[in-house]
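Asker: pasting a predicted model and its sequence here:
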Amino acid sequence: MANKFFVAPSPHVHSAQSTRSIMRDVLIAMLPALAVSTWVYGLDVLKVSAVAVVSCVVIEYLIQKFLFRGECTVSNLSAAVTGLLLAFNLPSSIPWWIVVIGSLVAIGVAKMTFGGLGRNPFNPALVGRVFLLIAYPVQMTSFPAPVVEGYADALSGATPLAAIKAGVPVEDVDLLSMFSGTIPGSLGEIAAAALIVGGIYLLWRRVITWHIPVAVLGTMAVFAFFVALADGGGARLYQLPAFHVLAGGALLGAIFMATDYVTSPMTHKGMIIYGIGIGAVTMIIRLWGAYPEGMSFAILLMNAVTPLINKYVKPVRFGLATDKK
Amino acid sequence: MKTFPIGGVHPSDNKKWSNTKAIEVMDLPDVVNVPLGQHIGAPATAKVAKGDKVLTGQLIAEASSFMSANIHSPVSGTVTAVDMQVNGQGLRQMMITIKREGDEWLPSIDRTPQLVRECTLDSAAIIAKIKDAGVVGMGGATFPTHVKLSVPPGCKAEYLIINGVECEPYLTSDHRTMLERGDELLVGVEILKRAVGVDKAVIGVENNKPDAIEHLRRLIAEKGYGVTVEPLKVQYPQGGEKQLIAAVTGRQVPPPPGLPIHVGAVVCNVSTVVAVYEAVQKNKPLIERVVTVTGKHVQSPRNLLARMGTPISKLLEKAGGLPEGDVKVINGGPMMGRAMVNLDSPVTKGCSGITVLDGDEARRGVESPCIKCAKCVAACPMGLEPYLVSKVSRRKMWDRAEQERVTDCIECGCCQYSCPANIPLLDYIRQGKQTVMGIIRARAAAAKK
């Protein structure tokens, strides 16, 4: 017979998903937020994003080629995802060289020192961001005002979270503009509606499951609700939870950063514990910490707990569950 | 709609190639090779020698222990050899070779198409007839049916569950059997109910086969058979015995050495039930079965009623031959079937289909690092952590593999199917499972001394 036979153990078929297709889906899911941000802040957004993506990809390529002297795997798009996520955590007015330094820390320190994709204990983009926040606090916290027409500067150039921290009552914050994105903030975190659209896309493509985002945001909302309750209740009972879910990096963090595969737990139960931890730590920092926003710190802190969660939280084993009948 | 509780995946079912093709009788082969081991357990002992004349349906090899099965001649003719031959996977196996001369059946076999519904035998007599006929599970696992039906002391059967799920992609032999041999199937179910002494019998069918569900329900309503049809939500591996029991009854079979009977269930595949009907009512041993020959690039996929021992190459010829180029020929379906190297190997009792994948479909992707996406954990129907079990097996950490419950694995392939990094998870898990089971057996043997 002229045919050559392939022989391998089962299974002989494979789902359509690959590492590359997943990374591509994440990039696609970030496009709506990128578009809204460009509309709000102008072309600086695209410039910062491009610098971050290109520098992350180039740094990963150079490290793999000249330090690891191994296979170059930038085509799996994971470095591009890290780059875009890093950009999403930066103000659009940031100088380009700071972006490059952030990329170097994200890819070089947080990812490649541990052996590359799949081995890093901490979310690379967040390590990059937190490094920059500490090293360049001024550039990292001066946000340009939106250039959109009709932008009412009720918050006088500060992010909603900074304004609250400074004592502005939550009743004065326009929740609708936080939903649409016409507020000061990091370039990827402002557009709540667009981030939610991206999240729905990721759920539909089965890239992420609902567990982490729902646990993070649910915890934050419940936490805020009780804080408002202790504060006397009234309209704040729904305003404060809504504010905290929409403000700062909550949605960006819950949908895109906390769901990072490598640094989040492996079981659904574990994901929920991890999400609750992130939500609670974020709220504690926001309400009683020195920084107005705590999402990055909360995610990095829970990243550190992930191996512990994986060790102790096991899936429900078939046949060992308590008998229903 | 019911389904099993944990994990599962949705591979595209690809049944459209053959699910409308009626069962055709395959031409009789000139020579058959009949392996002595076509079932789980000890191979049968040959009862014929070179030069013996045999009739179709005559016993040629006898069950060598309780956990074994009889084997009968699929054709009439002369035995030309009883020796080692290469099987489909390229391994040598004991086979009886028979050169066909006509097709003269054993006179005791009733070959009329008449349906015989009446059965007054008691349980022991039914099981004895099933054992004599060499009936084994025809869904692929080939577990001897008489062993399954012999309820051990201290256990009580409550449910008879008939497996018409056929969750394996591509295969349609059970589907066609339900459509074309519905009455025989339903009489077979009634016989099995007598055999195991239960009132409740349920046929589980995935709802991608609405015609089969409707057909069986109509027959049941018309003729008053004591069985119900349970449509199940499509999800692989629902046809796994433990998954099907959980889907139908909500009960979970405990881990090994737990058996279905420990939750009161006895499960039989639909083709097996038809074989039971033939064995009990028609005295016909298991010498032929329906084999789906299918694949996107197979010219005319079909469902063939073939005698055991027929070379698989003849079935492929009947379906228009292999496509050009490099292919993977699978004995079974693409999730759990075995890749073949020798197409002249015979059809056996567990061969429900031959699936042909072309090069691009069959080639494995290049492995890349694990990105801890947790898809394998979500997919595992046994609630294991395949990434971890695979990793510790790969590193030969057998104690750890046992602790992570490697022996619970049913080798369904869901983990490897869903892995975006193309890691051959199941290869290592399988190796770990076999090694750990060996260790457990050795430990038990040492404890006895």
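Answerer: The structure has been received and is ready for your questions.

Asker: what is the burial count for residue 167?
Answerer: By default, I'm working from chain A. Counted with other CB atoms under 10 Å in any protein chain shown, the neighbours of A:G167 add up to 6. The way it works is simple: take the backbone N, C-alpha and C, and place the C-beta from them, glycine included.

Asker: that's the other chain; I wanted chain B
Answerer: Neighbours of B:C167 using other CB under 10 Å come to 25.

Asker: for B:N342, same thing?
Answerer: For B:N342, the count of nearby residues is 18 (other CB under 10 Å).

Asker: mind checking how far it is from B:V86?
Answerer: The gap separating B:N342 from B:V86 is 5 Å, by CB to CB, to the nearest Å.

Asker: same question for B:L315.
Answerer: On the measure of CB to CB, B:L315 and B:V86 end up 18 Å apart.

Asker: neighbour count for these two, which is higher?
Answerer: Between B:L315 and B:V86, B:L315 has the larger neighbour count (other CB under 10 Å), namely 23 against 15.

Asker: burial count for the closest residue to the more buried one other than its chain neighbours?
Answerer: Spatial nearest neighbour of B:L315, chain neighbours left out: B:V293 (5.1 Å); criterion: CB to CB, 6 or more residues apart in numbering or on different chains. Each residue near B:V293 was counted by other CB under 10 Å, and the total is 28.

Asker: over to A:G289?
Answerer: A:G289 - counted by other CB under 10 Å - has 15 other residues nearby.

Asker: likewise for B:T435?
Answerer: Neighbour tally, B:T435, other CB under 10 Å: 16.

Asker: wait, does stretch B:324-340 contact chain A?
Answerer: Yes - against chain A, stretch B:324-340 shows contacts by CB under 8 Å from any CB of the partner chain at B:324-330, B:332, B:334-340.

Asker: which SS class is the residue nearest to B:L315?
Answerer: Here B:V293 is recorded as strand under DSSP: H, G, I helix; E, B strand; the rest coil.

Asker: and it, what is it in contact with?
Answerer: By CB atoms under 8 Å, 6 or more residues apart in numbering or on different chains, the residues touching B:V293 are B:S18, B:P301, B:R302, B:N303, B:L304, B:L315, B:L316, B:K318, B:A319, B:G353, B:I354, B:V356.

Asker: look up how far B:G295 lies from the first one.
Answerer: Going back to what we said before, that points to B:S18. 9 Å.

Asker: of the two, who's got more company?
Answerer: Between B:S18 and B:G295, counted using other CB under 10 Å, B:G295 has the larger neighbour count: 28 against 25.

Asker: for the closest residue to that one other than its chain neighbours, give me the pLDDT.
Answerer: Nearest non-adjacent residue to B:G295, counting by CB to CB, 6+ apart: B:V356, 3.3 Å away. For B:V356, the pLDDT comes out at 95.

Asker: counting by contacts, list what the one helix or strand B:V356 maps to packs against.
Answerer: Using DSSP states H and E, B:V356 sits within strand B:353-358. On a contact count with 3 or more CB pairs under 8 Å, 6 or more residues apart in numbering or on different chains; DSSP states H and E, strand B:353-358 meets strand B:288-294, helix B:312-318, strand B:327-331.

Asker: doesn't B:A306 belong to a strand?
Answerer: Yes - assessed by three-state DSSP, B:A306 belongs to a strand.

Asker: could you check how far it is from chain A?
Answerer: The spacing between B:A306 and chain A, counted by CB to the nearest CB, to the nearest Å, is 20 Å.

Asker: also B:I312?
Answerer: In terms of CB to the nearest CB, B:I312 sits 12 Å off from chain A.

Asker: what's the pLDDT at the residue lying closest to B:P386 once chain neighbours are set aside?
Answerer: In this structure, B:P386 finds its nearest non-sequential neighbour in B:C415, 3.5 Å apart by CB to CB, 6+ apart. Here, the pLDDT recorded for B:C415 equals 97.

Asker: not counting its neighbours along the chain, what's nearest B:D174?
Answerer: Leaving aside its sequence neighbours, B:D174 sits nearest to B:E166 (CB to CB, 6+ apart; 4.2 Å).

Asker: what residues are up against the one you found?
Answerer: The contact partners of B:E166, by CB under 8 Å, 6+ apart, come to B:T172, B:S173, B:D174, B:H175, B:E206, B:K209, B:G239.

Asker: among the residues you listed, which two are most distant?
Answerer: B:S173 and B:E206 (14.6 Å; CB to CB).

Asker: so where do the helices sit in the stretch 301-449 of chain B?
Answerer: Secondary structure of the stretch 301-449 of chain B (DSSP state H, counting those that start in this stretch): helices at B:312-318, B:359-362, B:375-379, B:386-394, B:398-403, B:414-418, B:425-448.

Asker: I meant to write the stretch 1-150 of chain A there.
Answerer: Taking DSSP H, counting those that start in this stretch as the criterion, the stretch 1-150 of chain A carries its helices at A:19-41, A:44-62, A:78-88, A:96-103, A:124-135, A:137-141.

Asker: rank these by pLDDT, which is bottom?
Answerer: helix A:137-141 (a mean of 91).

Asker: the helix or strand of chain B with the lowest mean pLDDT near chain A at all?
Answerer: Here the helix or strand of chain B ranked lowest by mean pLDDT, DSSP states H and E is helix B:359-362, holding a mean of 80. Yes - counting by CB under 8 Å from any CB, chain A has neighbours in helix B:359-362: B:G359, B:E361, B:A362.
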